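Peer 1: what shape does this take:
(3 chains)
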Amino acid sequence: MKRFSIDSRRALYAFAAAVSLFVIGELVHPGFLGLASVESILVIASFVGLVAAGQCFVILIGGIDLSVPWVLNAAAIVLTTTSLGRNAGAPEALAAALGMGALVGAANGIGVAWFGIPAVVMTLAMNGIIEGLTLGLSGGFTCGACSSYAPPLIQGLAHDAFLGVPDALWLWLVVTVLVSGALGLTRFGRATYALGNNPRAAVLAGINVGRLTVALYAASGFFAALTGVMLVGFGGQASLGMGDPYLFTSIAAVVIGGVNILGGRGNYLGVAAGAVSLTVLVSVLLALNVPDYVRSIAYGVVILVLLLAYGRDQN
Amino acid sequence: MPPDNSASLPRGGRLNHAIAQNIGLILAGAILLLAVFGFILIYGIAQQRLPGNFELTSTVNSATPLVFAAVGQSFVILTKGIDLSVGGVVDLANAMAAVTMGKSLGSALAWSVVILLVGAGCGLINGLLVGLGRLQPIVVTLATLSIFQGVAIRVLPQPGGAIPAGYTNLLVNPGAPYALIFIGLLALGWFALRRSRIGVDLYAIGNDEAAARAVGINVLRTKILAYMIDGTLAAAAGLFLAASATAGDATSGNSYTLSSIVAVVLGGVSLFGGRGSAIGAIAGAFITTLIVDILFFSHVNPLYQSFYEGAFLLFAVVAGRVIGGAIGRRR
Amino acid sequence: MTPPPAIAARSVSKSFGGVKALIKASIAVAPGSVHALVGENGAGKSTLIKILGGRIAPDEGTVQIGGIEAGGGGVAMARRHGIGTVFQELTLLPFMTVAENLTLGREPRNRLGLIDRAGLPLIAERQLADLGITHIDPRALAGDISLAERQIVEIARVILARPDIMLLDEPTSALVEREVAWLFGQIRRLRAGGTAIVFTSHRWGEITTIADEITIFRNGTDVGTFTTIDEDAAITLMTGRQLDAVFPVRAVPPVRAPILALRGARAEGVEPFDLAIHPGEILGIGGLAGHGHRAVFFGLFGAPRFMEGRIEIDGKATTIATPRDAIRARIALVPEDRKSEGLFLPLSVGANITLPILRRLSRLGLIQPGPERGLIDATIARLAIRTPDAAQPVGALSGGNQQKVLLGRWLQTKPRVLLLYDVTRGVDIATKHEIYDLISRLAGEGYAILFYSSDAEELAHLCHRVRIMRRGRFVAELAADELTAEAIVAAAMRESSAAAPHAA
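Peer 2: I've put the predicted structure just below:
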């Protein structure tokens, strides 16, 4: 196994964890590994995977994006209220939602790179700002347009299948290829890893750190918005607080996937596996029909176990 | 050795140094003063009179839980860590208080000690995972948050329970700001701790953990202690919260995770560790509370509350950096 | 019967990953003596000191203190045995004051048992003065004082603890002559008092001045202990081979128009100055550390840019506001601190080499693996970088090879001006020679080289001319016959109002 770098090994462990959890699921709830069940779990995992892609980008440079909950939520609401549930309005609404996400992300990046505001503070403040704006502008979500549905096109994207595989999974596949490719094969990816490893040396090596940081945070905002779009397509209508569970889940997926929280190491394949692991875990716990609180405790314990197994700081 | 030829910084005046090294605290104090001023102003305009004992008392009482949570958080942040499970410990303490305290002040006090120990235990778990397990704090406490929240819900599945009136009067007396005494004791405790072995070691670890290890500091023990103190103070916050609400709720503590971090940042404690004072965190907690009050009394559309809080946080941090930078350049 | 050595290592071995840092190394230090360790980088000296100082535990072998085997217990236990160590990487805490750092672990307490924080600066000031140090402000933050001052504070901290055994790993690397004299005075005092002292240095002059015994290390083990030894013989033992004349023959560059000219450039702590470098020339910048050279070098690279001034390249005005501008202007900077300013340790050797020139190797953002590979292989060959393969994380290479990777990276950017800032610091003798040869060759090929070194001998022998800085001003220029190490040092220290060094 020495040929595999640490990063690849961690991604492999994340996959192993996902598979093991599937097997455990089958053991406690026969039928768990049935096609329909696996498919629906993977679709839900894809939503986590989308957010985690953005989170992965910023964590790789030692940052974090705490604005995910409300960028996601705002994007969902922008989509429904702009399109008013009609396909005619869909392109415009999509552009508005995704563009908003990217712009908010870029603002985060500017705060971090130009004003030197720690990522925790910048994105946390931004989350509040977006929350306030969303609640305020929608009158506490009581506006006329607020109960609109997502355009049928988007709902279809979340529910339909192509060649037997759900569209949502095709989307995730495309994202996975693009993100992994970007990180592993491009100048942008090398620069990202360099910046995450040694910011000072990155500047001295001629990397445009400011521009790169803004781009990475913009990407995070974009993916959070994309997730909001997919989620509202999946659920039909937007709701308040729909983004909240995705903050800690996206961070957990990234870390379980072998990305070092301090930056500089890890890849998206591991993160995707991490997203699957977490979703399977939740599904297994649901299938076990345990009370809420047991699920909460088990969730935390399993994450700790996985981390202790292979997520240690290689100081 | 005669004065060497290396160009070092000119010998600064003592005041210069004192300012530069405590800049975070000074800025926090300034913001606090502005917030107090702002509050008095807005209140005066809205209510046509100056805030009195009642307003002071209710501000102090509503700030106190956050004060304790923020000071706890600052211990961990000083070591370059972070504790996302604060909200979970507050929940747990709150839930336990509602269920166990019974009718008498005596039993309430006895159980308070137990609950504080439980908080210390939660901190111990975090500390061991971070220190021995060598896991990153953000990730560990994210997981333990889930665990502590779960236990809290198990203890108190629905809001309810009861806190004896005597307990409420002791902790968050509605008649006068006696809670300030507890905050004063907390400040005193910090003062002493800062001048102890563990206080110095805490700062050293936050400055440069490898260097601290190299000079023989027991990093493991210090980190565990930091997380345990954090857990205990978070539990105390839960107790104050329960006393305020006179009943329990296993989820009302959740917001304390992020607001304790905000308070610490406003208090001038650096998220990168090794710099800042818990006194700043106390100021930060009051600033946060006052901002909410100011927004309330200025009749700002409550839906926009988060917006203003977020904008304020950004503004305070940027202003702090700009001013701190300007002072740094003038030295 | 002779008394047992104050401290000794017996057949100590230590590996890191697959790398054998120490292989059955032994050393014995008598009380009241100074024992020097010499050897190339990577020979194991620092590892041995870390083991003696309790910072790491050996895989095999034992450490004996006063003849008795010492167990584990880390640095704290070593302290209790009376061992004080100054490691190569300084351990001062940057956001704590000099006073706090100095008294760390031995803070004065008041009646309540609490640390007397208010009194710390005065106590520190007194303690420093007792050691003859009066120019370091105890209230300053350790991160704000110069590297030399930090090294002195770290040494002072150890001396104040009154160690029975003092271990110093490269204690003089940032110090100038005067400060080294002070240190040696302290060492002599401690030696007279019975302290056993171990220290490492790459400066042969220092070693012969102070050491009672010299142990030479090569490839992880001791190869000989001597009371006196001649430098060439020592080098032969250290490297296992004969080394010819230290410096390459200096060619006279043809006279050409300057490739880079600065007019009225001003930087933090540096007064406005003019400077011109010509192709094929090695222009040296000399002077004591901290006098502004760094600002000159980094200003030329835009990191940060000069506050004022005009930069002309080939006669045309050019703006250099960021390193990217500098790279585009075909300027390259090799900084002294390769770990924090140069390399990305977990990334591969190849990635480290190609990072600044990826644009050339990419199409539409995608890196072309073939061309990249070719470039990496060529660089490794050209500089004789010793690495099992290009995918190896650069952190696993020895110091000298890491420096070569950094040089390789910058040479690939096809610079015309090469800024070399103390590039031989902490590099072993053999690699230093390779670097001297490289610099000489590059000058011959037409590169314009700006060279800073804290070693006046290097400046005198490598450079065509040297301009000396003192307190932010260029005060002298030496060339041809006037260019000697002594002249450089004299020019750097001129105008000094100090008395003779007071080696106590």
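Peer 1: only C-alpha atoms from now on, for both contacts and neighbour counts.
Peer 2: Fine.
Peer 1: can you tell me the centre-most residue of chain A?
Peer 2: Geometric centre of chain A, nearest residue: residue A:51, 1.4 Å, by C-alpha atoms, centre = their mean.
Peer 1: name the element that one belongs to?
Peer 2: Taking DSSP states H and E as the criterion, residue A:51 maps to helix A:35-60.
Peer 1: gap between that helix and the chain center?
Peer 2: With C-alpha atoms, centre = their mean, to the nearest Å as the basis, helix A:35-60 stands 6 Å off its chain's centre.
Peer 1: same check on stretch B:137-157?
Peer 2: On C-alpha atoms, centre = their mean, the centre of stretch B:137-157 falls 19 Å from the chain's centre.
Peer 1: picking up where we left off before, isn't the residue nearest to the centre of chain A right up against residue A:250?
Peer 2: Yes. If you go by C-alpha atoms under 8 Å, residue A:51 and residue A:250 touch, sitting 6.1 Å apart.
Peer 1: joint contacts of those two?
Peer 2: When C-alpha atoms under 8 Å, 6 or more residues apart in numbering or on different chains defines a contact, no residue borders residue A:51 and residue A:250 alike.
Peer 1: and the helices in chain B?
Peer 2: B:14-21, B:23-47, B:53-78, B:86-100, B:105-131, B:137-155, B:165-172, B:179-194, B:197-207, B:209-214, B:219-245, B:256-266, B:278-297, B:305-330 (DSSP state H).
Peer 1: quick one, the second one and helix B:278-297 angle?
Peer 2: Between helix B:23-47 and helix B:278-297, the angle formed by their directions is 20 degrees, by axes from the mean of the first three to the mean of the last three C-alpha atoms, to 10 degrees.
Peer 1: next one: the last one
Peer 2: Between the axes of helix B:305-330 and helix B:278-297, defined by the same axes, to 10 degrees, the angle is 140 degrees.
Peer 1: can you point out the buried residues in helix B:305-330?
Peer 2: Neighbour-count burial for helix B:305-330, counted by 16 or more other C-alpha atoms under 10 Å in any protein chain shown, picks out B:305-314, B:316-318, B:320-321, B:324.
Peer 1: farthest-apart pair in those residues, please.
Peer 2: Using C-alpha to C-alpha, the buried residues of helix B:305-330 span at most 28.1 Å, a distance reached by B:305 and B:324.
Peer 1: for residue 257, which residues are in contact?
Peer 2: No chain was given, so I picked chain A. A:10-11, A:14, A:266-275.
Peer 1: switch to chain C, that's the one I care about
Peer 2: Per C-alpha under 8 Å, 6+ apart, neighbours of residue C:257: C:278-279, C:314.
Peer 1: could you redo the last one with a cut-off of 10 Å?
Peer 2: By C-alpha atoms under 10 Å, 6 or more residues apart in numbering or on different chains, the contact set of residue C:257 is C:276-279, C:314-315.
Peer 1: what do you get for residue C:295?
Peer 2: Counting by C-alpha under 10 Å, 6+ apart, residue C:295 touches C:266-270, C:301-306, C:472.
Peer 1: now residue B:67
Peer 2: B:60, B:73, B:183, B:186, B:233-234, B:236-237, B:260, B:263-264, B:278-279, B:281-286, B:288-289.
Peer 1: same check on residue B:305?
Peer 2: So residue B:305 contacts A:128-129, A:131-133, A:135-136, B:291-292, B:295-296, B:311 (C-alpha under 10 Å, 6+ apart).
Peer 1: make it 8 Å
Peer 2: Contact partners of residue B:305, counting by C-alpha under 8 Å, 6+ apart, are A:132, B:292, B:295.
Peer 1: what's the answer for residue C:463, then?
Peer 2: Neighbours of residue C:463 in contact, by C-alpha under 8 Å, 6+ apart: C:250, C:281-284, C:451.
Peer 1: among these, which ones are in strands?
Peer 2: C:282-284, C:451 (DSSP state E).
Peer 1: that older thread, what's the closest of the contacts of residue B:305 to chain C?
Peer 2: Using C-alpha to the nearest C-alpha, residue B:292 comes nearest to chain C of the contacts of residue B:305, at 33.6 Å.
Peer 1: residue C:381 and residue C:437, how far apart?
Peer 2: Residue C:381 is 15 Å from residue C:437, where distance means C-alpha to C-alpha, to the nearest Å.
Peer 1: the more surrounded of these two?
Peer 2: Legend: neighbour count by other C-alpha atoms under 10 Å in any protein chain shown for residue C:381 and residue C:437, higher for residue C:437 (17 against 12).
Peer 1: what sits closest to the more buried one if chain neighbours are left out?
Peer 2: residue C:248 (6.0 Å; C-alpha to C-alpha, 6 or more residues apart in numbering or on different chains).
Peer 1: hang on, the earlier thing: and which of the ones in strands among the contacts of residue C:463 is nearest residue B:43?
Peer 2: For these, the nearest to residue B:43 is residue C:451 (66.3 Å; C-alpha to C-alpha).
Peer 1: next up, the contacts around that closest one.
Peer 2: By C-alpha under 8 Å, 6+ apart, the contact set of residue C:451 is C:282-285, C:419-422, C:459, C:463.
Peer 1: count of residues packed around residue C:54?
Peer 2: 25.
Peer 1: got a pLDDT number for it?
Peer 2: With respect to pLDDT, residue C:54 has a value of 90.
Peer 1: thought residue B:121 was touching residue B:229, still the case?
Peer 2: No. With contact defined as C-alpha under 8 Å, residue B:229 does not reach residue B:121; the gap is 9.8 Å.
Peer 1: list the buried residues in stretch A:129-148.
Peer 2: A:129-136, A:138, A:140-141, A:145-148.
Peer 1: is any residue of it near chain B?
Peer 2: Yes. Stretch A:129-148 lies within reach of chain B by C-alpha under 8 Å from any C-alpha of the partner chain, at A:129-133, A:135-136, A:139-140.
Peer 1: now what about that stretch, what contacts it?
Peer 2: Here stretch A:129-148 makes contact (C-alpha under 8 Å, 6+ apart) with A:70-71, A:74, A:77, A:80-81, A:84-85, A:237-238, A:240, B:301, B:303-311.
Peer 1: over to stretch B:267-279?
Peer 2: Here stretch B:267-279 makes contact (C-alpha under 8 Å, 6+ apart) with A:118, B:22-25, B:27-29, B:71, B:74-75, B:77-81, B:187, B:190, B:202-207, B:264-265, B:280-285, C:95.
Peer 1: does residue C:467 lie in a helix or a strand, and which?
Peer 2: Going by DSSP H and E, residue C:467 is part of strand C:465-470.
Peer 1: toward the C-terminus from that strand, list the very next helix or strand.
Peer 2: Following strand C:465-470 in sequence order, the next helix or strand is strand C:473-479 (DSSP H and E).
Peer 1: and the next helix or strand after that next one, what does it pack onto?
Peer 2: The helix or strand immediately downstream of strand C:473-479 is helix C:485-493, counting by DSSP H and E. Other helices and strands packing on helix C:485-493, by 3 or more C-alpha pairs under 8 Å, 6 or more residues apart in numbering or on different chains; DSSP states H and E, are helix C:456-462, strand C:465-470, strand C:473-479.
Peer 1: output the below-cut-off pLDDT ranges for the chain.
Peer 2: With no chain named, the answer covers chain A. Scanning chain A for pLDDT under 70 picks out A:1-4, A:311-315.
Peer 1: hmm, no, I was thinking of chain C.
Peer 2: Checking chain C against pLDDT under 70 turns up C:1, C:17-18, C:41-42, C:240-246, C:289-290, C:426, C:493-504.
Peer 1: appreciated, that's everything.
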